[in-house]
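In: okay, here's the prediction I keep looking at, along with the sequence it came from:
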Amino acid sequence: MITTDVSQQAPPDWDDYVLAHAGANAFQLASAVLIGNKAFGLPAHFITARDSGGRLRGVLPLVEQTMIPWTRCLVSLPFCTYGGPLADDDEALASLVQRAEVLGQQRGASRIILRHAGEMQLPAYPASLDKVSMVLALPGTKDELAKCLGSKIRSQIRRAEREKPQVRLGHAELVGDFYRVFCSVMRDLGTPVYPKRFFEAVFDALGTRATAVVIYLEGVPVSGAVMIQWRDRIKVPWAGTVHSVNPMSINMRLYWELLQLAIERQCSVFDFGRCTRDGGTYRFKAQWGAEPVQLYWRSHDLMATDTAIGVLDQRSKLDTAVKVWSRLPLSLTNRLGPIISSRLPW
């Protein structure tokens, strides 16, 4: 018999279960589930499924988020690519999801969203298939990697050397410099930026699993990334290069540094992060040899709502908003972005 429980704090055996589960990732650790709470004050819920002996059979982390244009949602997990339930079997999975639906009704949520990497037996949760992760199987040495990349990419990496870039690796002490780059990049993309405290919460939660890599030109940060290591896998959920240095191939140098670091750490997989299939970001990542891995982001409406009406009109409004945002002064977007970003369906 399976019993379930909900708490706003993870039970003592939560992380042990996550660490042992083959399908887990770093953002399902208890401290990482609370990133949204620390950065934005969003409530977090830890759902557990146990057998009659009290042994954990599954876990489901959820973060309560009020989104634009939707109302309140329970998301697993916002602000990252991978989330969703971890379970031993279909019985435990069904129990977790049923308890999540009860919680959603109690909290007045209109929707449950599960950002799962693989397929699940959840007929009531249709999957959105417009996003993929771009994943590269890494060779054993840097020389092998260079050969795999081909002459065009190697020449672009060498082009960056003319600018004499300085590369720094670190942790929370580099958040400020990374954030300076990230703010500029997000404004140019027409997207509200996270507050700096979000990235501080990421490093606080993940510790040495998170690494910041920043590239400087004449002492000024112009490119940077946050890497997350989980087992033999490196993932880059946040990265960017200021637009003005694009002709110098600094972005290519950034990813070369990231890939080398992954090999130094004896990782076998490099995850470039999510993107829309066949878009510009997709093509950039594909040139490194990365292959698409389908993401199964599932959602379930808990109540009748009109939010599905006028989807095309909403998309048109979103495209207009992106264009307007990208033209605003950086100082203004830096003030407004942190206020808005917690309400977006990242």
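Out: Looks like it arrived, so ask away.

In: quick one: least confident helix or strand in this protein?
Out: helix 311-326 (a mean of 46; mean pLDDT, DSSP states H and E).

In: how far away is Asp301 from Glu101?
Out: 11 Å (CB to CB, to the nearest Å). All C-beta atoms are positioned from the backbone trio N, CA, C, and that covers glycine.

In: my error: substitute Trp256 in the last question.
Out: Distance from Trp256 to Glu101, by CB to CB: 46 Å.

In: more neighbours, these two?
Out: Shown here are Trp256 and Glu101; by other CB atoms under 10 Å, Trp256 has more neighbours (23 against 16).

In: so the more buried one makes contact with Ile157?
Out: Yes - assessed by CB atoms under 8 Å, Trp256 is found in contact with Ile157 at 4.8 Å.

In: could you confirm His300 falls within a strand?
Out: Yes - assigned with DSSP: H, G, I helix; E, B strand; the rest coil, His300 falls within a strand.

In: does it touch Ala124 like I think?
Out: Yes - in terms of CB under 8 Å, His300 counts as a neighbour of Ala124; the distance is 5.5 Å.

In: which one of those two is surrounded by more residues?
Out: Counted by other CB under 10 Å, His300 and Ala124 do not tie: His300 has more neighbours, with 17 against 10.

In: separation between the residue lying closest to Ile228 once chain neighbours are set aside and Ala172?
Out: Nearest non-adjacent residue to Ile228, counting by CB to CB, 6 or more residues apart in numbering: Lys235, 4.8 Å away. Here Lys235 is placed at a distance of 18 Å from Ala172 (CB to CB).

In: quick one: low-confidence parts of the stretch 101-250 of the chain?
Out: Low-confidence segments of the stretch 101-250 of the chain, defined by pLDDT under 70, are absent.

In: buried ones in stretch 45-65?
Out: 45-50, 56-65 (16 or more other CB atoms under 10 Å).

In: ah, wrong one, I meant stretch 119-138
Out: So stretch 119-138, judged by 16+ other CB under 10 Å, has buried residues Met120, Leu122, Tyr125, Ala127, Lys131, Val132, Ser133, Met134, Val135, Leu136, Leu138.

In: in helices only, show me those residues.
Out: Among these, DSSP state H puts none in helices.

In: save those residues as CSV, and put in distance to Gln287 too.
Out: Shown next, in CSV, are the buried residues of stretch 119-138 (distance: CB to CB, whole Å):
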residue, distance to Gln287
Met120, 32
Leu122, 35
Tyr125, 34
Ala127, 28
Lys131, 19
Val132, 15
Ser133, 16
Met134, 10
Val135, 14
Leu136, 11
Leu138, 16
